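Asks: the following comprises the amino acid sequence and a computationally predicted model.
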Amino acid sequence: MVNPNCRVPLLLFISSIFFSCFPGRSTLCAVVSLKSIEVFKTHEWLKATTTVYFLCKGESKTVLLDVRKSHTLYAFNGEESWQVPLSNFTSKECKRCGFYEEDSITLDDVLDEWEFCPSDFTAPDGEYIRFKENQFVATFLCSECLSLAAVDEHDDGKGMHIVVVVLLSALVSIILILGVVGAYKFWEKKIREQDQARLLKLFEDDDEIGDELGLGTVI
């Protein structure tokens, strides 16, 4: 019978091989920057200037320090101090992001909220234009998002196939190893039984010889 304890190191070995082949997919960081923005309407009545910021759920907000007035197109080169970066993607998953305007009296005004995805950057140069009627128009730049989308599409096509092949190979290897171990244990058991049978036969032969010698002496 196969010792169950021998399976634990074997499974750990197979697992280490599997995770070394698939260390994780979140290794690419696609940086997002704001290329331009124009705010059409402000909601702050007590100040002559406005304060607009960009925020993704779970991240720190980025105040657009240069954006102070409406109906003015602001262009950026992506190297501004407040773009450190604006945001980033490490997978094809979307984020809940938006533009907001600070309000000195009530809650901050929501200019727009949406699901921000790396797949939005479909232009050849990695641009994405977000337009909200009567609120703003903004152009984002993420050249790495094109590479991220290409990597994810490639992985979606072949990743599952590779995983299945690895798992099946590991399963077959485990079955073969357990079979070899079981056969070896069975062979050891048969050898022990044969040795025990030979010893018993030797004892029986000795007893028979002793009996014969004893009978001869009596006669």
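Replies: Thanks, I have the structure now. Residues are numbered from 1 along each chain as shown.

Asks: only C-alpha atoms for contact and neighbour calcs from this point on.
Replies: OK.

Asks: secondary structure element for Arg96?
Replies: Element membership of Arg96, judged by DSSP states H and E, is strand 95-101.

Asks: tell me the strands beside the strand ranked longest in the chain, with direction?
Replies: If you go by DSSP state E, the chain has its longest strand at strand 30-39. Applying DSSP bridges to the sheet, strand 30-39 is found paired with strand 73-75 (antiparallel), strand 87-89 (antiparallel), strand 136-141 (antiparallel).

Asks: how distant is it from the center of its chain?
Replies: 28 Å (C-alpha atoms, centre = their mean, to the nearest Å).

Asks: please apply the same query to stretch 106-123.
Replies: 25 Å.

Asks: can you give me the buried ones in that stretch?
Replies: 111-112, 116-121 (16 or more other C-alpha atoms under 10 Å).

Asks: same thing with stretch 175-188?
Replies: The neighbour-count check on stretch 175-188 (16+ other C-alpha under 10 Å) flags 178, 181 as buried.

Asks: could you do stretch 78-97 as well?
Replies: For stretch 78-97, using 16+ other C-alpha under 10 Å, the buried residues are 78, 83, 86-89, 91-92, 95, 97.

Asks: would you pull up how far that stretch lies from the middle of the chain?
Replies: With C-alpha atoms, centre = their mean, you get 20 Å for stretch 78-97.

Asks: stretch 105-113 now?
Replies: The answer for stretch 105-113 is 35 Å, by C-alpha atoms, centre = their mean.

Asks: ends of that stretch, how far apart?
Replies: Its first and final residues considered, stretch 105-113 spans 21 Å by C-alpha to C-alpha, to the nearest Å.

Asks: quick one on the thing from earlier: now render the strands paired with strand 30-39 as JSON lines, adding mean pLDDT and distance to Ile191.
Replies: As requested, the strands paired with strand 30-39 are exported to JSON lines (pLDDT from 0 to 100; distance: least, C-alpha to C-alpha, whole Å):
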{"stretch": "strand 73-75", "mean pLDDT": "96", "distance to Ile191": "86"}
{"stretch": "strand 87-89", "mean pLDDT": "94", "distance to Ile191": "63"}
{"stretch": "strand 136-141", "mean pLDDT": "97", "distance to Ile191": "74"}
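
Asks: out of the ones you listed, the one nearest Leu171 is which?
Replies: With C-alpha to C-alpha as the criterion, Leu171 lies closest to strand 87-89 of the strands paired with strand 30-39, at 35.3 Å.
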